[in-house]
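S.K.: sequence first, predicted coordinates after that:
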Amino acid sequence: MGMVQEFKEFAIKGNAVDLAVGVIIGGAFGKIVDSVVADLFMPIVGAVIGKVDFSNMFVVLGSIPAGTDTTLAGLKKAGVPVFAYGNFITIAVNFAILAFIVFMMVKQLNRLKKEEPVAEAAPVATPEDVILLREIRDSLKR
């Protein structure tokens with residue numbers, strides 16, 4: 001069997017298609033979570049601690065050349081090393097929210113999934129040779 005044929009069989013299988021759909025939906029869902037965190041959640045957290053924009057929370061680790069913009073983007077463009085902990089906070093919150101949402105979805109799906117009733121195992125038929133041996137034993141007892 002050639003590699004093209006093997007690939008064709010793999011691509012047509014339902015699992016590969018399900019995986020592709022899951023990746024596409026996951027990418028779109030990730031953008032929704034990013035928006036929820038950046039546009040709804042982080043401004044509230046920022047208002048509580050006094051800063052609204054977490055992306056500009058950083059510590060400069062080197063010297064800043066004269067005339068360089070002191071924003072995170074300006075410092076990165078100038079090649080100044082910065083410790084951008086604000087971006088990390090945003091990404092960590094994104095991950096925590098996404099993980100919680102996925103957990104809740106899986107929990108609900110498992111709850112909604114119908115449990116298949118366990119079928120009672122049919123009694124195993126006694127082999128013919130055992131039946132014959134029992135008949136011989138019973139006839140000898142008489």
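M.R.: Cool, the structure landed. Numbering: from 1, shown residues only.
S.K.: surely residue 74 meets residue 68?
M.R.: Yes: using Cβ atoms under 8 Å, residue 74 is in contact with residue 68, at 5.9 Å. Every C-beta, even on glycine, is put in place using the N, C-alpha and C of the backbone.
S.K.: for residue 25, give me the pLDDT.
M.R.: On pLDDT, residue 25 comes in at 84.
S.K.: ok, which stretches of the protein are strands?
M.R.: Listed in chain order, the strands of the chain (DSSP state E) span residues 59-60, 82-83.
S.K.: let's have those strands in JSON lines, adding mean neighbour count and mean pLDDT.
M.R.: As requested, those are exported to JSON lines (neighbours: other Cβ atoms under 10 Å; pLDDT from 0 to 100):
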{"stretch": "strand 59-60", "mean neighbour count": "12", "mean pLDDT": "90"}
{"stretch": "strand 82-83", "mean neighbour count": "13", "mean pLDDT": "90"}
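S.K.: got the contact list for stretch 56-71?
M.R.: 51, 72, 74-75, 77-78, 80-87, 89 (Cβ atoms under 8 Å, 6 or more residues apart in numbering).
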